[in-house]
Each structure stands twice: as structure tokens, then as C-alpha cells.
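Engineer: Next comes the sequence, and after it the predicted model I'd like to discuss.
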Amino acid sequence: QLQLVESGGGLVQPGGSLRLSCAATGHMSEVNHVAIAWFRQAPGKEREWLSCIDGSSESDKYLDSVKGRFTVSRDFAKSTVHLQMNSLKLEDTAIYLCAASGAPSCSHTIFTSWGQGTQVTVSS
């Protein structure tokens, strides 16, 4: 199982940007080969899938409400997946978590490893 650690959260004004990172450690045959997804959970709401990047970085997917504002990318050298978030809105406030799939494709929706999350607060 991979170990995932998120970072990069914080307080930002509406319209601002943040870049989240998800650093993966574990068995090298998995670290850079499995799909990584981002989720968020706001108080009183269910966990929401946001984005996924596959093991080869050839495919990425987004929730409609963040498409065009969020971009997922992968740094193979650092075994890290980033989520660049632009044009942030008040409703983007949540704890953001990354999760590793058990397979290279984002079509595989069973996530076997989760990070602890990083808080993102959008407020004026």
C-alpha cells in the first residue's frame, strides 16, 4: 500500500489560486504507476470526487464544476501529483484528499490508499 501526504492548503481569497501536492511513497512498482485521484469533503457534505490522473499521465478527468479551473499533473521524478486550483470560489472550501487507485487507469474506482487531507479555505 502506498503512503500519501497532501500539502499546500491554506487560506485564500475568492479568485485566488493554490497548488496542492500529494507525495507518494511505497513500493516503487506502484508509486508512479497507479492512478491518483483528488477528492474533497466540506463540512456536512459527502466526499466529492474532483479529478484523476492515470498512471502514465496520458489521461486526466475532472468534475464538471472544476473543469477549466483545476488542473492535475504528475511529477514522476518526485512521485508527486499536483492539483493546481485557480479562480477559487467560496464553495471550494473543504478538506482536500488524494487517493491512490489499485490500477493505472482512472476507470478503476477502488482506492486503496488515502492521505490525511489538507484544508483549503476560500474567504474574503
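Structural biologist: Structure received. Residues are numbered from 1 along each chain as shown.
Engineer: Off-centre distance for stretch 71-88?
Structural biologist: 8 Å (Cα atoms, centre = their mean, to the nearest Å).
Engineer: whoops, stretch 44-61 was the one
Structural biologist: Worked out by Cα atoms, centre = their mean, stretch 44-61 lies 7 Å from the chain centre.
Engineer: now do stretch 13-23
Structural biologist: With Cα atoms, centre = their mean, you get 11 Å for stretch 13-23.
Engineer: Just the buried positions in that stretch, please.
Structural biologist: Residues of stretch 13-23 classed as buried: 18, 20-23 (neighbour count, 16 or more other Cβ atoms under 10 Å). (C-beta placed from N, C-alpha, C; glycine too.)
Engineer: Name the surrounding residues that touch the helix or strand of the chain with the lowest mean pLDDT.
Structural biologist: Using mean pLDDT, DSSP states H and E, helix 28-31 stands out as the lowest-scoring helix or strand of the chain, at a mean of 74. Helix 28-31 has contacts (Cβ atoms under 8 Å, 6 or more residues apart in numbering) with 2, 24-25, 79, 100.
Engineer: downstream neighbour of it in the secondary structure list?
Structural biologist: strand 36-41 (DSSP states H and E).
Engineer: Who are the packing partners of that next one?
Structural biologist: strand 18-25, strand 48-53, strand 70-75, strand 80-85, strand 94-101 (3 or more Cβ pairs under 8 Å, 6 or more residues apart in numbering; DSSP states H and E).
Engineer: what is Y96 paired to in the beta sheet?
Structural biologist: For Y96, the beta-bridge partners are R40, T118 (DSSP bridges).
Engineer: Report how many residues lie close to it.
Structural biologist: 23 (other Cβ atoms under 10 Å).
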